[in-house]
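>>> Here is my input; please provide its structure:
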Amino acid sequence: MKVLIATQKPFAKVAVDGIKKVIEEAGYELALLEKYEQKEQLLDAVKDTDALIIRSDVVDNEVFNAAKNLKIVVRAGAGYDNVDLAAATTHKVCVMNTPGQNSNAVAELVFGLMVMAVRNFYNGKSGTELKGKKLGILAFGNVGRNVARIAKGFEMDVYAYDAFCPKEVIEAAGVHAVDSTEALFESVDIVSLHIPATPDTKESINYALVNKLHKGGILLNTARKEVINETELIKLMTEREDLKYVTDIMPVADAEFKEKFADRYFSTPKKMGAQTAEANINAGLAAAHQIVGFLKDGIDKFKVNK
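Alright, predicted model coming up:
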């Protein structure tokens with residue numbers, strides 16, 4: 001069987017070498033498609049592929065139509081909105097992610113961005129400290145839990161809300177569990193977003209919600225840009241000169257944010273949360289092991305489609 005790594009943004013060489021070892025020791029062939037510029041290159045590469053490892057690469061119905069032998073796609077990372085799950089199910093292809101492998105890397109970036117924001121983006125003016133600040137974590141999955149762990153080291157007062165995580169689990173981690181997204185925003189100084197982009201969450205971070213943040217509030221997004229209602233956030237930041245927005249996903253309206261809020265806004269040039277050597281290796285190796293487990297024994301623990 002043939003396993004293809006298709007990555008416009010390649011894995012580190014050490015990660016590719018590790019994936020190759022896992023795949024070949026299982027008796028499978030590994031192929032590599034890196035830094036491809038045209039979709040046709042991907043369509044051609046998947047024609048005889050049984051398993052596919054991707055990162056942020058788009059796998060849609062056209063790809064599934066081209067990949068007649070495809071049995072499994074593993075997205076090396078937590079998010080998987082770049083894969084058409086309905087099309088995968090129609091084509092009887094299992095889709096998995098690798099939850100938890102990038103979580104510490106993203107959580108550390110959260111605090112890199114957070115420190116920069118409270119220190120006024122290092123512009124020479126006096127800022128504030130994180131110690132004693134109230135931090136709200138929206139979604140208490142792998143990343144959210146790591147954010148809470150690090151926040152305790154800063155002696156922050158941590159709150160969280162997750163519609164799918166029992167309050168008892170949140171409180172067992174030494175975090176205040178609140179009853180709603182609205183209650184979270186109105187309780188804290190800083191909110192760190194860790195929600196996926198779903199029909200329910202898209203543009204859910206809007207004027208009314210963010211306006212509940214305490215004076216001097218900071219909105220921090222390392223999740224997905226689609227969850228932000230950019231038009232309403234711009235309107236709110238125009239009215240509230242105390243608010244800051246820091247993100248690891250460049251908004252569609254990046255130029256407007258920069259022009260209007262140069263001293264209260266920052267975006268990384270590209271998504272950097274998982275861009276560490278350790279996360280790169282962890283996610284890649286996890287993807288390889290999951291493919292081998294699925295092809296050999298039908299293990300689909302991290303399957304995300306029906």
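>>> which non-adjacent residue is nearest T128?
V118 (4.9 Å; C-beta to C-beta, 6 or more residues apart in numbering). For every residue, glycine as well, the C-beta is placed using N, CA and C.
>>> contacting residues around the one you found?
G127, T128, E129, L130, K133, I218 (C-beta atoms under 8 Å, 6 or more residues apart in numbering).
>>> and if you look at K152?
Listed by C-beta under 8 Å, 6+ apart, the contact set of K152 reads V158, G174.
>>> Narrow the contacts of V118 to just the buried residues.
L130, K133, I218 (16 or more other C-beta atoms under 10 Å).
>>> Turn these into TSV, including secondary structure.
Formatted as TSV, the buried ones among the contacts of V118 follow (DSSP: H, G, I helix; E, B strand; the rest coil):
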residue	secondary structure
L130	coil
K133	coil
I218	strand
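>>> one step back: now the contacts of V118 in TSV, with pLDDT?
Putting the contacts of V118 into TSV (pLDDT from 0 to 100) gives the following:
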residue	pLDDT
G127	97
T128	98
E129	98
L130	98
K133	98
I218	98
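>>> Mind telling me the two of those farthest from one another?
Greatest spacing in the contacts of V118, by C-beta to C-beta: E129 and I218 (13.1 Å).
>>> Okay, helices next: where are they in the stretch 151-300 of the chain?
Remark: helices assigned in the stretch 151-300 of the chain by DSSP state H, counting those that start in this stretch are 167-172, 181-187, 207-210, 230-239, 254-260, 277-297.
>>> correct me, but L184 touches Y161?
Yes. Using C-beta atoms under 8 Å, L184 makes contact with Y161 at a distance of 4.3 Å.
>>> more neighbours, these two?
Y161 (26 against 23; other C-beta atoms under 10 Å).
>>> do you know how far A262 is from L219?
Shown here: A262 relative to L219, a distance of 17 Å by C-beta to C-beta, to the nearest Å.
>>> these two touch, right, V3 and L33?
No. Using C-beta under 8 Å as the test, V3 is too far from L33 to be in contact (11.6 Å).
>>> Between those two, tell me which one has more neighbours.
V3 (27 against 20).
>>> phi, psi of the more buried one?
phi -110, psi 130 (degrees, to the nearest 10).
>>> That one bridge partners, please.
Assessed by DSSP bridges, V3 has beta-bridge partners L30, A51.
>>> how about the strands of the stretch 1-150 of the chain, start to end?
2-7, 29-34, 51-54, 72-75, 94-97, 134-138 (DSSP state E, counting those that start in this stretch).
>>> Of all the ones you listed, which one comes closest to P166?
Using C-beta to C-beta as the measure, strand 134-138 is the one of these that comes nearest P166, at 15.1 Å.
>>> circling back to that earlier point, need the residues touching each of L184 and Y161.
G136, L138, V178.
>>> out of those residues, who has the most neighbours?
Neighbour counts for the shared contacts of L184 and Y161 peak at G136, which has 28 neighbours (criterion: other C-beta under 10 Å).
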